[in-house]
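Visitor: Give me the fold of what follows.
(chains A and B)
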Amino acid sequence: MAGAPLEIVIPLGSEFVRVLTGFVEEGSRTQGLGDKEALKITLAAEEVFAYLAQLPEAHQSIRVRLQGGGYYVKAEFIFPQQDIDLHYFNLTAKFTHGGESPLEQLGLLIASRSVERFNLREQSDAQFSLELIKEKAYPSPSAEKPLAMESLTSFRMVVAAPEQVKLLALLISQHYPPHNYPSSFAIPGKLADMVAGGEYQAMVALGEREQIGGAMLWRHGEQGDMRAYGPYLFGQPQDSNMAAALVEACLERVAKTPALSLICRYATNELPREYFELLGDLDHRRPDGSCAPWHHYYRQLQEDQGLSVWCHPLLAGFLGQQYQRLFLARDLHLMEHEGERRPAHSVFGAHFDRSQGHVTLKCVLDGRDAGDNLARHVALLTEEGLTNVFFTLDLGLAWQAYLVPDLQGQGFEPKLVLPHAGQADLLVLQLVGQAR
Amino acid sequence: MPNLDLNRLVPSYIRSFEAYIPSKPDPELMRLYGVDHIHRLNNNENPLGPSPKAREVIAAPPPPRAAIYPSGDAYYLRQSLAEYFDLDPDQFLVGNGANEVIAFAIKAFCEQGDNIITADKTFAVYEWVATFSGFQARLAPLKDFGFDEQGLLNLIDPRTKIIFICNPNNPTGSWWDEARLRRFLNDVDGRQIVVVDEAYREFVEDPSFPDGLRLLAEYPNLVVFRTFSKMFALAGLRIGYLAGSSQVVEVIRRTCVVYSVNALAQEAALAAMVDADEQIKRTRELVRREKTYLRAELASLSLPVQGDQGCFLMVKVPMSDTLAYRKLMAQGVMIRSMTGFRFPNWIRVSIGQHSAMEDFIQGLHTILT
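Guide: This is a model prediction of the structure:
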């Protein structure tokens, strides 16, 4: 079981690297990782630390925090913005050392390969953190004969007990194609830990003899949104009202939370459409080269009070159409760069989800080099073999509109809006073509 | 600049609580939704407005009076209420709307570790006030859209201090008759305070509907909430009151904020009581007529309807209720979406003037086709 968070403050110097690795390796074990995973996150942390130690600001200290999350351990490198020039946190950063020729140090990219999730984010208190998330290893479910399913004439909704969550993982993976659920849902022990740790909530429809007839899961998103999964039905007749009952049970539980919207990116065919709105599709490109539409459904949880959003003129047509179609009251304020002063260097954060083959970029800080920086990221990610490259623009941040010409120039197309998923709405763009 | 450590300063039950965001003013909403009018059918306001006597008071408040504090305990209004209901003035406590007296009652009886009980799908303020005050709100599911007495009783434990009953219930319009309320009060047997919120009682015409004020003499643990916001159309002035045994009201008075009810509200409420009977009669006629119209129209649209008593109806729509809200707003009709009441895909519409009801029905036709 995960323990309390562990934290050290450590000077950025190569002589301290063993202090760092000892802390991360032993700490991640106490937080629940096995030997192999502890070693991997340690290697990733070492790469990050070695990289930071070479920076011109290497005289600074950095805070490193280890936090267990039940099924993962997160190592966070936390620093105030003014202490380190953030542009070194671009995956593609190059820098000169002692007046010598530029060094191509891709330590951050190397680190990202050793962990499941890698993320640079701005915290609420003007601090930045670089997160490395390493998940525990779980045994894959053994090949069992399909679990029996039973059509239920009556059922009741209950919060799933731990043993029901494990059974649920088997049922979902046996009866639904992989695009209907996150890969972690197929691993019983992992799903049980995710629910027990409070990251996910699970509701099941039970028959009189405790048979599981269906389920719905949900969790908090990163901002004012919730994410829903399912509903999953097992052996229920076409005319069953169980799917609607599961959605209603979910909605009743999230209705009085601070969340403004419920977004469903893993909808099943049983999703009762009358409870949701279709936001649009992304293209999900699979390793075998095939491509399938990835539907995004949405439901507002509170009455929409309207929002102001910032929009580059190149996107005004797309956004206007989307908001009109969705009946979302938005004040579109046009914004573009008109020669005013910009910082020299931009910083992009990359959120990898290697289990799904996805990477999502976002701009953390604006800079004059944003176009070139974006081009470098695209080239690097393409070289990595990532075929699902997304970019999210926060329409609540005016300066993000400056990026639109560069995004379009690199082959990104606007695909859909996620209402209330950022400071305001998030616009999701997908890399669909070649750089122009 | 010193660091402000809000995580340390703010209690956990406040950190996890989300502030209620009221709707924007009409001009803002009209601009956002591109409409030239809005029928506000979301707050169960009385479309007839205040009674003639109350209007006289509201129309001409002498400006110098604005410099003078109001009666700190609504002295004359309590006298008048006592005379009207044949009770003692000390059995009444007037607040800045009924919402304020909810807070007074919870503060008076609950301490750390205590809980209150109410239904899961009812007026949200009982649950809110308890939660953001650090007390547990235990919620009994409604049964057939109504308060379930056994469900409420099952949730009682030694730390339960107050049970809130909304009669008739907002938003479902279901209600307990006098026999049922008496049975419940007998079962509670004085162990907890039972609050009966009668905000919509003046709309009820059924003679078996209980008059909570008449039961006070028999049940000293009973507290009744009433308001001038709904039937008497003084919502904009914010004035409501509670009544109970003198003993209980004296305890609640210790927690109340004096001078919270402004002078104009007190005087308008006093005036509203003078011609109350006519106001009730005219409003009931309108509600009866428009509910009949709505029920027929909604039946022709094959939309399920819920709502017996009160100046509102709940309607189940074949789409997300928050989407229905936005689509109706785009036609100048503002209803209440019910997800926040834990009734997904239901909307609640307040009874308004006939033209507003027609526009609502027309709006529904448009969004359903």
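Visitor: Now do the same contact list for the residue most central in space within chain A.
Guide: The residue lying closest to the centre of chain A (CA atoms, centre = their mean) is A:His351, at 6.2 Å. Taking CB atoms under 8 Å, 6 or more residues apart in numbering or on different chains, we find A:His351 in contact with A:Arg117, A:Phe118, A:Asn119, A:Val359, A:Thr360, A:Leu361, A:Lys362. All C-beta spots, glycine's among them, are computed from the backbone N, C-alpha and C.
Visitor: Now distance to chain B and pLDDT too, for these, in CSV please.
Guide: Below are the contacts of A:His351 laid out as CSV (distance: CB to the nearest CB, whole Å; pLDDT from 0 to 100):
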residue, distance to chain B, pLDDT
A:Arg117, 25, 76
A:Phe118, 27, 74
A:Asn119, 22, 76
A:Val359, 31, 88
A:Thr360, 26, 91
A:Leu361, 30, 93
A:Lys362, 25, 91
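Visitor: how about the residue nearest to the centre of chain A, phi and psi?
Guide: Here is the backbone geometry of A:His351 (degrees, to the nearest 10): phi -110, psi 110.
Visitor: The residue in the stretch 101-250 of chain A that chain B sits nearest to - nearest residue in space that isn't next to it in sequence?
Guide: At 5.4 Å from chain B, A:Glu248 is the closest residue in the stretch 101-250 of chain A, using CB to the nearest CB. Spatial nearest neighbour of A:Glu248, chain neighbours left out: B:Pro344 (5.4 Å); criterion: CB to CB, 6 or more residues apart in numbering or on different chains.
Visitor: who's in contact with the one you found?
Guide: Contacts of B:Pro344 by CB under 8 Å, 6+ apart are A:Val247, A:Glu248, A:Leu251, A:Glu252, A:Ala255, A:Tyr275, B:Ser320, B:Asp321, B:Met338.
Visitor: What is the neighbour count of the fourth one?
Guide: When counting by other CB atoms under 10 Å in any protein chain shown, one arrives at 19 neighbours for A:Glu252.
Visitor: List the contacts of it.
Guide: For A:Glu252, the contacting residues are B:Asp120, B:Arg342, B:Pro344, by CB under 8 Å, 6+ apart.
Visitor: make it 10 Å
Guide: Taking CB atoms under 10 Å, 6 or more residues apart in numbering or on different chains as the criterion, A:Glu252 is in contact with A:Met157, A:Met203, B:Asp120, B:Lys121, B:Pro141, B:Thr339, B:Phe341, B:Arg342, B:Phe343, B:Pro344.
Visitor: any chance of those residues in CSV, with pLDDT, distance to A:Glu336 and secondary structure too?
Guide: Listed next are the contacts of A:Glu252 as CSV, based on pLDDT from 0 to 100; distance: CB to CB, whole Å; DSSP: H, G, I helix; E, B strand; the rest coil:
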residue, pLDDT, distance to A:Glu336, secondary structure
A:Met157, 95, 50, strand
A:Met203, 96, 46, strand
B:Asp120, 95, 49, coil
B:Lys121, 95, 48, coil
B:Pro141, 95, 53, coil
B:Thr339, 95, 38, helix
B:Phe341, 93, 43, helix
B:Arg342, 93, 44, coil
B:Phe343, 96, 44, coil
B:Pro344, 96, 41, coil
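Visitor: Now for those: which two are most distant?
Guide: By the measure CB to CB, A:Met203 and B:Phe341 form the most distant pair in the contacts of A:Glu252, at 19.3 Å.
Visitor: Ignoring the adjacent residues along the chain, who's closest to B:Tyr84?
Guide: Closest to B:Tyr84 by CB to CB, 6+ apart is B:Met273, at 5.9 Å.
Visitor: Check the secondary structure at the one you found for me.
Guide: Under DSSP: H, G, I helix; E, B strand; the rest coil, B:Met273 falls in the helix class.
Visitor: domains of chain A?
Guide: Using automatic domain parsing, the domains assigned to chain A come out as A:1-137, A:156-279, A:303-436.
Visitor: For A:Gly32, give its distance to chain B.
Guide: 25 Å (CB to the nearest CB, to the nearest Å).
Visitor: tell me how far the lowest-mean-pLDDT helix or strand in chain B is from the chain's mean position?
Guide: None of the helices or strands of chain B scores lower by mean pLDDT, DSSP states H and E than helix B:6-9, at a mean of 82. Here the centre of helix B:6-9 is set off from its chain's centre by 33 Å, with CA atoms, centre = their mean, to the nearest Å.
Visitor: same for it, what does it pack against?
Guide: The helices and strands touching helix B:6-9, judged by 3 or more CB pairs under 10 Å, 6 or more residues apart in numbering or on different chains; DSSP states H and E, are helix B:12-15.
Visitor: Just the residues contacting the helix it packs on, thanks.
Guide: B:Leu6, B:Asn7, B:Leu9, B:Ala130, B:Thr131, B:Phe132, B:Ser133, B:Gly134, B:Phe135, B:Gln136.
Visitor: Please state the offset of it from the chain centre?
Guide: Relative to its chain's centre, helix B:12-15 lies at 25 Å (CA atoms, centre = their mean).
Visitor: list the buried ones in that helix?
Guide: For helix B:12-15, a neighbour-count test (16 or more other CB atoms under 10 Å in any protein chain shown) marks nothing as buried.
Visitor: Grab the CA positions of it and hand them over as CSV.
Guide: Only the C-alpha atoms of helix B:12-15 are listed here, as CSV (Å, rounded to 0.1, in the frame of the first residue of the first chain):
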residue,chain,number,x,y,z
SER,B,12,-11.2,20.5,4.2
TYR,B,13,-15.0,20.6,3.9
ILE,B,14,-14.7,24.1,2.4
ARG,B,15,-11.8,23.1,0.1
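Visitor: So which elements touch the following helix or strand past it?
Guide: Using DSSP states H and E, the helix or strand that follows helix B:12-15 in sequence is helix B:26-33. Helices and strands touching helix B:26-33, by 3+ CB pairs under 10 Å, 6+ apart, are strand A:330-334, helix B:321-329, strand B:333-334.
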